[in-house]
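> below is the structure, and that's it, no one-letter string:
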C-alpha cells in the first residue's frame with residue numbers, strides 16, 4: 001500500500017507550484033534585505049539582537065503572510081475548502097512578536113533597557129507583514145524611517161531640551 005503516488009509527488013513540482021514558490025522566494029529575499037537594514041544599527045551598537053535576529057523576524061512574518069495568501073496551493077493544490085482569515089494571522093504575528101520583545105526588555109533598579117530593541121523588533125515584524133501583503137513601497141519606507149530613527153534619533157534627543165525621569 002503506497003502512501004502517495006508518483007503523480008502526487010510530482011504535483012509539488014508542477015509549474016503553478018514552482019511559480020508560487022518563486023513568488024514566496026522573492027518576498028523572503030526582500031524581507032531578508034529589509035530586516036538586515038533595520039538590524040544593522042543594533043549590530044553596529046553592539047546590541048544582543050542584531051542583523052540576523054531582525055532578518056529572521058522579518059522573513060518569518062513575511063512567510064506566514066505569503067503562505068496565507070495562497071491557500072489554493074497548499075499541499076500541492078489539494079482542495080480543503082478553507083479561506084484563512086488574514087487579519088487573525090496578522091494579530092497572531094503581532095502578539096507572538098510581543099512576547100519575543102518582552103524578553104528583550106530588562107529592568108535594573110530605576111534603569112530600563114531594551115525598549116528600543118523591542119520596538120524595532122516589533123517594527124521588523126510589521127515590515128515583514130507589509131512585504132507579505134504586497135505593500136513593498138510602504139515596507140521600504142518603513143525600513144528606511146526605522147533605520148534613520150535608530151541610527152540618528154539619539155542625536156536629536158541630545159539636542160532637544162529634556163528632563164530626566166528620576167532626579
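Happy to help now that I have it. These numbers were taken from a predicted model, which means no experiment stands behind them.
> and the spatially most central residue of the chain, what's its pLDDT?
Note on the chain: the residue nearest the mean C-alpha position is residue 58, at 2.2 Å, using Cα atoms, centre = their mean. We have a pLDDT of 96 for residue 58.
> my read: it touches residue 127, true?
Yes. With contact defined as Cβ atoms under 8 Å, residue 58 counts as touching residue 127 (5.4 Å). From N, CA and C alone the C-beta is placed, and that goes for glycine too.
> mind listing the shared neighbours of these two?
The contact sets of residue 58 and residue 127 overlap at 31, 34-35, 38 (Cβ atoms under 8 Å, 6 or more residues apart in numbering).
> put the buried members of these into a PyMOL selection.
Remark: buried members of the shared contacts of residue 58 and residue 127, expressed as a PyMOL selection using 16 or more other Cβ atoms under 10 Å:
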select buried, resi 31+34+35+38
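> the shared contacts of residue 58 and residue 127 into JSON lines, with extra columns for secondary structure?
Below are those laid out as JSON lines (DSSP: H, G, I helix; E, B strand; the rest coil):
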{"residue": "31", "secondary structure": "helix"}
{"residue": "34", "secondary structure": "helix"}
{"residue": "35", "secondary structure": "helix"}
{"residue": "38", "secondary structure": "helix"}
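> just the shared contacts of residue 58 and residue 127: which has the poorest pLDDT?
On pLDDT alone, residue 38 ranks lowest of the shared contacts of residue 58 and residue 127, at 91.
> still on that earlier bit, and the gap between the residue nearest to the centre of the chain and residue 47?
The gap separating residue 58 from residue 47 is 16 Å, by Cβ to Cβ, to the nearest Å.
> same question, residue 93
From residue 93 across to residue 47, the span is 22 Å (Cβ to Cβ).
> any idea where the strands of this structure begin and end?
106-108, 111-113 (DSSP state E).
> and stretch 50-64, which residues are buried?
50-51, 53-64.
> which ones are touching residue 51?
Residues counted as contacts of residue 51 (Cβ under 8 Å, 6+ apart) are 35-36, 39-40, 42-43.
> and if you look at residue 69?
Counted by Cβ under 8 Å, 6+ apart, residue 69 has contacts 86, 132-133.
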